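*Asks:* coords please:
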Amino acid sequence: MSKIIPDSEVKPTHPEATGKMPRRPVKKKLAGAAAAGNGGQAAGAKRPVKKRPTGNQSDEQRPTARRPASKQPPQKSGSKPTQPHHSILDEIEEHHDRPKMTMMALVAIISAIAHGIVAIILALYMLPIPDADEVFGILSSTTNRSDEEELFEEIEMPEEEMMEEVEEVEEMNEEVVEIDEVIPEPEIAPVNINDLELSVPIEAPDDTGVGPTPDPTKTSQFGGRSSQASKMALLKAQGGNTESELAVTNGLKWLARVQQPDGGWDFIDAKYSGEYRTAATGMALMAFLGAGHTHEKGSYQTQVKRGIEFLGNNLKQDKDGFDLRGAGSGGHGMYCHAIANIALAEALAMSLDSLKPPKFTPEEQAKLLKLPEGERRALVARRKQKQETAKKIQALTMGVTNWSIRAQNPKGGGWQYSPRSGGDTSVTGWYVMALKSGLSAKLPVPKVSFQGATYFLNSVAANGGANYGYKDPGKQIRSTTTAVGLLCRMYMGWNKDNPALRNGVMYLSKLGPSTKGRNMYYNYYATQVLHHWGGDEWKKWNEVMRDHLTTTQTAEGYWNSGGGGHGAKEGGKLYETTLAIMTLEVYYRHLPLYQKKSITTELP
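*Replies:* Predicted coordinates:
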């Protein structure tokens with residue numbers, strides 16, 4: 001099997017690619033700081049005495065009298081005074097600090113010039129990832145950030161020697177379907193990463209990623225959860241009902257009740273209780289975000305905000321970015337990072353408008369000027385704080401996403417239990433969704449990341465790409481990894497008329513939801529596949545899956561199969577509850593990939 005990245009493309013030519021990070025420039029205090037406060041005079045220096053003009057001086061020699069700053073030039077009679085063209089923020093400042101405007105303007109000009117020079121110099125180099133200290137207090141910090149925001153550039157994965165794999169954790173415990181005849185392992189001939197056999201031509205929606213050409217009427221895959229009206233329209237159109245939405249509501253109430261004092265969540269009453277808390281927190285956040293609740297809007301703003309703070313306070317910084325694997329005994333840290341990455345990317349994607357400078361329409365400006373002074377200042381401060389918070393979340397998410405990109409195995413294209421090593425379909429599925437969510441958040445994700453993931457899926461595909469194994473095609477069809485592989489194929493560009501995709505969907509449709517073994521991991525992925533597919537297969541699947549979940553929820557609002565299915569024993573009721581909630585949010589959580597025209601007409 002050939003390498004997915006030619007050697008010529010991955011030789012580290014940049015300081016970051018070699019792991020040798022450039023030093024952050026340190027600003028030195030000006031030696032003359034004390035003198036600056038005295039008009040630039042050295043201590044003890046005598047001031048020059050200005051001579052008063054005498055009558056013998058000519059008009060040219062006499063100093064010109066300065067016009068007082070507060071006086072305006074006389075207006076011609078009958079002419080209307082010219083209105084200044086400044087924003088409402090300037091209006092508010094002038095109401096209170098007009099005497100200071102001249103000095104503030106001078107300082108702003110000097111600062112802008114200095115920062116502009118610094119920005120030009122920094123643009124010539126790839127900047128190091130910001131210190132983790134800058135984002136630990138991600139939302140609670142009230143200090144003002146510098147105008148010099150941290151920049152992140154698209155990163156190419158350096159090809160490195162294969163790291164030694166950590167001790168294998170136990171493989172996925174899932175339903176295995178016996179087949180009558182052995183399917184020979186497909187031959188994986190040496191391929192060009194840009195010309196993969198088992199995938200259709202991939203159209204790039206922009207310069208940063210790959211996938212189906214997006215519908216121009218939609219700006220994000222999260223548009224269905226953006227408002228209550230869109231949620232209800234999609235809920236009705238896609239097969240949800242009052243009972244399913246009530247189950248989501250009760251599940252979220254339970255999650256809010258079990259949030260820990262430090263803002264995170266825990267796999268309570270389970271094998272991994274007290275461990276892998278970044279994964280538990282990420283899954284809880286995904287459930288809230290899936291219903292449209294963010295740190296800016298909804299009924300759980302405080303819970304979401306505190307959850308994001310927890311992730312920001314529990315990362316580790318290394319040369320690759322921000323590491324959220326956390327601590328645990330089972331070797332599942334790579335899962336933790338990817339899940340937390342998805343949650344942060346979704347939170348950022350759902351608050352992109354807040355990154356823009358605060359603006360007011362003419363109508364808003366008129367209303368604002370009528371408000372009392374205190375209310376005006378408070379409103380403007382809230383707008384600015386909202387933008388500041390969004391910038392901090394953007395910096396945090398970019399550092400986490402950078403780490404995900406660099407953790408990909410440069411030789412096999414997948415992800416597994418340690419960075420740049422091994423590859424299995426289960427772990428790879430979470431990272432593919434993390435990077436796709438990053439694209440929705442307008443983060444720079446290189447195409448080679450998805451090309452590598454496609455290369456990996458080819459290596460574990462069976463039956464022409466209709467089914468997927470765990471670490472190889474295998475001789476038995478695995479239901480869960482087939483669902484994971486098909487969902488990744490959908491998001492990375494397979495069209496609905498692809499024969500392999502159709503065959504895979506028909507396999508899942510015939511198998512149906514897992515209601516006896518209650519494998520929620522399989523149900524979570526397969527439900528998304530069938531939802532995107534649509535048609536009779538989705539209607540049949542949805543009726544069984546929806547009614548099963550609404551009738552098995554406990555009175556307290558959680559789900560617990562007692563240890564059945566992949567991950568249930570390790571993650572317990574929080575793990576199963578978050579997966580069940582997101583499965584019931586499927587109607588609006590992600591817009592269906594292959595039903596754009598019909599769904600658009602349903603949205604208000």
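
*Asks:* Just after the strand or helix carrying G282, pick out the following helix or strand.
*Replies:* Element membership for G282 (DSSP states H and E) is helix 277-290. For helix 277-290, the following helix or strand on the C-terminal side (DSSP H and E) is helix 301-313.

*Asks:* Residues touching that next one, excluding its own?
*Replies:* Contacts with helix 301-313, where a contact means C-beta atoms under 8 Å, 6 or more residues apart in numbering, come from 135-140, 255-256, 259, 262-265, 277-278, 281-282, 284-285, 288-289, 293-295, 298, 324, 340, 343-344, 347, 392-393, 396. Where you see a C-beta, it was placed from the backbone N, CA and C, and this is true even at glycine.

*Asks:* then the helix holding G282 to CSV, C-alphas only?
*Replies:* Included here for helix 277-290 are C-alpha records, laid out as CSV according to Å, rounded to 0.1, in the frame of the first residue of the first chain:
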residue,chain,number,x,y,z
ARG,A,277,-14.6,14.0,31.8
THR,A,278,-13.8,16.0,28.7
ALA,A,279,-15.8,13.4,26.7
ALA,A,280,-18.7,13.4,29.1
THR,A,281,-18.8,17.2,29.0
GLY,A,282,-18.5,17.2,25.2
MET,A,283,-21.4,14.8,24.8
ALA,A,284,-23.6,16.8,27.2
LEU,A,285,-22.8,20.0,25.3
MET,A,286,-23.6,18.4,22.0
ALA,A,287,-27.1,17.4,23.4
PHE,A,288,-27.8,21.0,24.4
LEU,A,289,-26.4,22.5,21.2
GLY,A,290,-28.4,20.0,19.1
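
*Asks:* where exactly do the strands run in this protein?
*Replies:* 176-177, 316-318, 321-323, 461-462, 467-468, 477-478 (DSSP state E).

*Asks:* quick one, which of the ones you listed is nearest to L235?
*Replies:* Closest to L235 of these is strand 467-468 (C-beta to C-beta; 30.7 Å).

*Asks:* For A462, name its beta-bridge partners.
*Replies:* Bridge pairing for A462 (DSSP bridges) gives the partners N467.

*Asks:* That one contacts Y470, correct?
*Replies:* No - judged on C-beta atoms under 8 Å, A462 makes no contact with Y470 at a distance of 11.3 Å.

*Asks:* So between these two, which is more surrounded?
*Replies:* Higher neighbour count among A462 and Y470: A462, with 23 against 17, using other C-beta atoms under 10 Å.

*Asks:* In the stretch 151-300 of the chain, where is pLDDT below threshold?
*Replies:* 151-220 (pLDDT under 70).

*Asks:* all helices for the stretch 351-500 of the chain, in order.
*Replies:* Applying DSSP state H, counting those that start in this stretch to the stretch 351-500 of the chain gives helices spanning 362-370, 373-406, 425-440, 447-460, 479-491, 499-511.

*Asks:* residues in contact with the last one?
*Replies:* Same thing as helix 499-511. With C-beta under 8 Å, 6+ apart, helix 499-511 has contacts from 177, 198, 461, 463-467, 477, 479, 482-483, 485-486, 489-490, 494-496, 526, 529-530, 533, 537, 540-541.

*Asks:* 6 Å - rerun?
*Replies:* With contact meaning C-beta atoms under 6 Å, 6 or more residues apart in numbering, helix 499-511 is reached by 464-466, 479, 486, 494, 526, 533, 537.

*Asks:* Could I get the residues you listed in a markdown table, plus columns for distance to Y588?
*Replies:* Putting these into a markdown table (distance: C-beta to C-beta, whole Å) gives the following:
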| residue | distance to Y588 |
| --- | --- |
| G464 | 33 |
| G465 | 29 |
| A466 | 29 |
| S479 | 26 |
| L486 | 21 |
| W494 | 23 |
| A526 | 18 |
| W533 | 17 |
| E537 | 20 |
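
*Asks:* rewinding a little: quick one, which of the contacts of helix 301-313 are buried?
*Replies:* Among the contacts of helix 301-313, those buried by neighbour count (16 or more other C-beta atoms under 10 Å) are 135-136, 138-139, 255-256, 259, 263-265, 277-278, 281-282, 284-285, 288-289, 293-295, 298, 324, 340, 343-344, 347, 392-393, 396.

*Asks:* where do the helices sit along the stretch 501-604 of the chain?
*Replies:* Ranges of helices in the stretch 501-604 of the chain, per DSSP H, counting those that start in this stretch, are 520-533, 535-552, 568-584, 586-589, 596-602.

*Asks:* counting contacts, what elements does the first one pack onto?
*Replies:* Packed against helix 520-533 by the contact rule (3 or more C-beta pairs under 6 Å, 6 or more residues apart in numbering; DSSP states H and E) you find helix 479-491, helix 535-552, helix 568-584.

*Asks:* 7 Å instead, please
*Replies:* Contacts defined by 3 or more C-beta pairs under 7 Å, 6 or more residues apart in numbering; DSSP states H and E place helix 520-533 against helix 479-491, helix 499-511, helix 535-552, helix 568-584, helix 586-589.

*Asks:* Make a markdown table out of those helices and add mean pLDDT, mean neighbour count and distance to Y431.
*Replies:* Listed next are the helices and strands packed on helix 520-533 as a markdown table, based on pLDDT from 0 to 100; neighbours: other C-beta atoms under 10 Å; distance: least, C-beta to C-beta, whole Å:
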| stretch | mean pLDDT | mean neighbour count | distance to Y431 |
| --- | --- | --- | --- |
| helix 479-491 | 97 | 26 | 10 |
| helix 499-511 | 98 | 18 | 20 |
| helix 535-552 | 97 | 17 | 25 |
| helix 568-584 | 94 | 26 | 18 |
| helix 586-589 | 95 | 26 | 19 |
